[in-house]
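**Q** heads up, no residue letters with this:
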DNA sequence: CATGAAACTTTACCCCTGTAAAATTTCTTT
DNA sequence: AAAGAAATTTTACAGGGGTAAAGTTTCATG
C-alpha cells in the first residue's frame, strides 16, 4: 500500500482494470469472484491503499453488519467482562460490535437506543437499566431491531438470556446454612428485576429451610455499589445492627464494600477459626478472587451467557429461528467456595 | 410520535410543509432556522417519528460528528473510568463517541484503527497498546485523522495527554522513604512507555535519596495483572525473596494481587503497629479504596486527563490550534494516603 | 409603504456504494 | 470444437441527505 491513495471504488476499478460491481462483490465476499480476479484485486489493494466507505455501504445494504450492544454501566466489572466476550464473538463472526453505555441514566439509554436504531443494525444485545428504563422506548426499539435482552429481564425483545437467580441464590443460601449460621440478605433498593428475584429467592429458600428471612435493604442510588456497601456496612457494624453473623450480599460489589467495612471495624471475615463474620456475594466478578479474604460467591456463567446471546441473535439474523414465543434461557450459577464464607 | 412512520427527510418535508433543505439545516443546527419554522418542525417531529439516517448524513458531510476512542483494554478499571468520562464530554458537546477496545492484541488494535478510519471520524482519542502496537499503523492512522494520544505516549498524533510519572513516582517514593523502610519496586515486563518511565523514576528518586534501588521484575503477559501480582507475590513471599518490607507496585492492579498474596501468607499489610509489610500502588483505581487494607497510592488525575484530551481534540477539530510542535501535557499525581503504606 | 436583508423554497447536482438486468467474456464439459 | 454454465462487464438506477445557486417570501426598518 505504497502507491497513491485511492478513495473510491470507482477509482480502484480504473487502476485495477476490474469493474466496480465486481469489486463490490469482492468486498462483500471475496470468495464470490473468480480466483484470477481475486488475485488481481489483491495485488491492486497492495499497491493502492483503499478501504470501502462504511457509510456508503450501510446506506444501501438492507442488512448492516453492525451489532449494537447496550449496557447500563460499562465500568461495572460484570458488564465490562461480558461485553468483552460478546465483542470478541461478534468480531469473529465478521460483525461490527458497537458498545453503548447508559451510565445508569434513562436519558442516555434512550439516546443510545435511538442512535443505534438509526444505524439500522443487524441486531442488538441489550442489558436494560431495568427499573429506570423507559419501557416504551426499549419496546419500540425492539420492534424495529432484532433484539436479545440479557442480564436484566424486561419483557421485550425476542429472547432473554441470563442467570437463574432462583437456583443460584438457593445454592448459596443452602451452602451458608449448612456451614454455619443462616445468612441475612444485604441489598440496595432494587434497580432491576435481578435484584428482586434474588431477594425473593433468598426469602423462599430460607423459609424452605425453616429459617426466618432477614432482609437488610439499605439506601443508595447510582452505581457506586462498593461505596454503598462500605458506608452502610459501617453504619450497621457501628450500631451493631447486623442480625446475623453471616451476610449474603445481593452482588459482589456490595460484598467488596462490606468486606472493607468489616476491615475498618476490626471484624475478621471468613469461615475459619477466629472469624466473626461471614460474607458472601453473587456474580463472581473478576476481582472477587482478590479480596481479603477471597470472596465466596456464586459465579454467573459469563461465557455461556455471552455465547448463547450471540448465537440466538445470529440465528435470528439468519432468519432461522423466528419463534413465536419469547424463550428465556437461564444458566445456572456455580458455587465458588473461597475464604470469606 | 404517534403518527405514521416517516423514513426520509423528503417524506417529512411533505407532511410538515417545510422544504427538505431547510429541514437539513434544522438538523444540523436548529438555531439556524427561523423560530416559526422551528416550531412547525418540532410539531411535525412530535407527530411523525423521524430520525435522520446517520449513514446518509456522514456520507456527505466532510466532517463527521463521530469521535473514536481506542483503548488497550476496556475492562481495565483505569480505562473503564477514563472512557466513561471522555464519552460523557463528547456526548455533551454533541459528538458521537465510539469506543473500541484492542483487548491487548495488536491485530485488534489495527482492526479498530482501520474500522475507525473508514468512519472518517472528526477526531480520535487513542491510548495505544504501547510496546505491542504496530507503530506504522498507528502513525498512518494519525496522519489521516486528527488524533490525541493519551495515557501511553507513543510518538504519534497531534498531542499527548497523560500523567507525569516522574513526579508521581517521586512523590510516593519520597513518602515511603520518609515514613519507613525504602521501597522496592514491583513490576511486570513493561508493556508500555509508562511502565518504563515509572521504573526509571523509581530508580532516580531512590538514588537521589541515597538509597539503593531494588527492582523486582516478574514474568507475566497479558492484562491479568491482579493474578500476576498474586502468583508472583506468593512465590516471593514463600521463598522470602522480598528485598524490602515496603513494596511499591507499578500499578494498583498489581498491588491488589500482592495484597491478596500477603493475606494468603498471613502477612499483615499496613503502616501501623503489628504490620510487617507496606504495599503501595499507582493510579488510584476506583476499587483501590476498598482493598483491605485500603491502598495507599498516587492518583492519576482522571478528570483532567479526560477533559484536557477532549478539549485539545475539539480545538483541533475547530481548527483553532494547529501547532507545529506536538505538545505533551502531563498532569501531576496526588498522594493518596490510606492504610496499606 | 417602500426597501433591503434574512430566511425560505425550488431546483439541481453530488457523495459512494449496492444491486438488478442485459450483454459479453471466460471457463468447463462432452 | 461447440455448447453450456459461470463469471464478468456494462449500464442504469436507487439510497438519503449535503449543499450550492437562483428565485421567492417574510420580516424589520426607515
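**A** It's in. Because the structure is predicted, anything quoted here is derived from the model rather than measured. Numbers count the residues shown, from 1 in each chain, chains lettered A, B, ... in the order given.
**Q** Would you state the helices of chain A in chain order?
**A** Along chain A, counting by DSSP state H, helices occupy A:9-16, A:20-28, A:35-47, A:54-60, A:77-92, A:106-118, A:135-144, A:165-179, A:193-208, A:225-238, A:252-264, A:302-317.
**Q** got those as CSV, with mean pLDDT, mean neighbour count and distance to chain B columns?
**A** To be clear about C-beta, it is placed using only N, CA and C from the backbone, and glycine gets the same treatment. Below are those laid out as CSV (pLDDT from 0 to 100; neighbours: other Cβ atoms under 10 Å in any protein chain shown; distance: least, Cβ to the nearest Cβ, whole Å):
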stretch, mean pLDDT, mean neighbour count, distance to chain B
helix A:9-16, 88, 17, 12
helix A:20-28, 88, 16, 11
helix A:35-47, 88, 14, 13
helix A:54-60, 82, 18, 4
helix A:77-92, 87, 20, 4
helix A:106-118, 86, 19, 5
helix A:135-144, 89, 17, 8
helix A:165-179, 96, 20, 21
helix A:193-208, 94, 19, 20
helix A:225-238, 94, 20, 5
helix A:252-264, 96, 27, 4
helix A:302-317, 91, 20, 11
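**Q** Relative to residue B:273, which of these is closest?
**A** When the helices of chain A are compared by Cβ to Cβ, helix A:252-264 sits nearest residue B:273, at 15.6 Å.
**Q** quick one: that closest one to helix A:77-92, angle?
**A** With axes from the mean of the first three to the mean of the last three Cα atoms, to 10 degrees as the basis, helix A:252-264 and helix A:77-92 are set at 140 degrees to each other.
**Q** Against which helices or strands is helix A:252-264 packed?
**A** Here helix A:252-264 touches helix A:77-92, strand A:184-188, helix A:225-238, strand A:246-249, strand A:278-280, going by 3 or more Cβ pairs under 8 Å, 6 or more residues apart in numbering or on different chains; DSSP states H and E.
**Q** Determine which of those approaches residue B:298 most closely.
**A** In terms of Cβ to Cβ, the element of the helices and strands packed on helix A:252-264 nearest to residue B:298 is helix A:225-238, at 20.4 Å.
**Q** which residues are contacting that closest one?
**A** A:186, A:188, A:216, A:218-220, A:241-242, A:249, A:251, A:253-258, A:260-262, A:264-265, A:267, B:286-287, B:289-290 (Cβ atoms under 8 Å, 6 or more residues apart in numbering or on different chains).
**Q** Could I get the helices and strands packed on helix A:252-264 in TSV, plus columns for distance to residue A:178?
**A** Putting these into TSV (distance: least, Cβ to Cβ, whole Å) gives the following:
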stretch	distance to residue A:178
helix A:77-92	27
strand A:184-188	16
helix A:225-238	25
strand A:246-249	11
strand A:278-280	12
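**Q** of all the ones you listed, which lies closest to DNA strand D?
**A** Smallest distance to DNA strand D across the helices and strands packed on helix A:252-264 (Cβ to the nearest atom of the strand): 24.6 Å, for helix A:77-92.
**Q** what angle separates that closest one from helix A:302-317?
**A** Helix A:77-92 runs at 50 degrees relative to helix A:302-317, counting by the same axes, to 10 degrees.
**Q** just checking, what packs against helix A:77-92?
**A** Contacts defined by 3+ Cβ pairs under 8 Å, 6+ apart place helix A:77-92 against strand A:66-71, strand A:96-101, helix A:252-264, helix A:302-317.
**Q** Dump those into a markdown table; add distance to residue B:179 as well.
**A** Output for the helices and strands packed on helix A:77-92, formatted as a markdown table (distance: least, Cβ to Cβ, whole Å):
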| stretch | distance to residue B:179 |
| --- | --- |
| strand A:66-71 | 42 |
| strand A:96-101 | 40 |
| helix A:252-264 | 21 |
| helix A:302-317 | 41 |
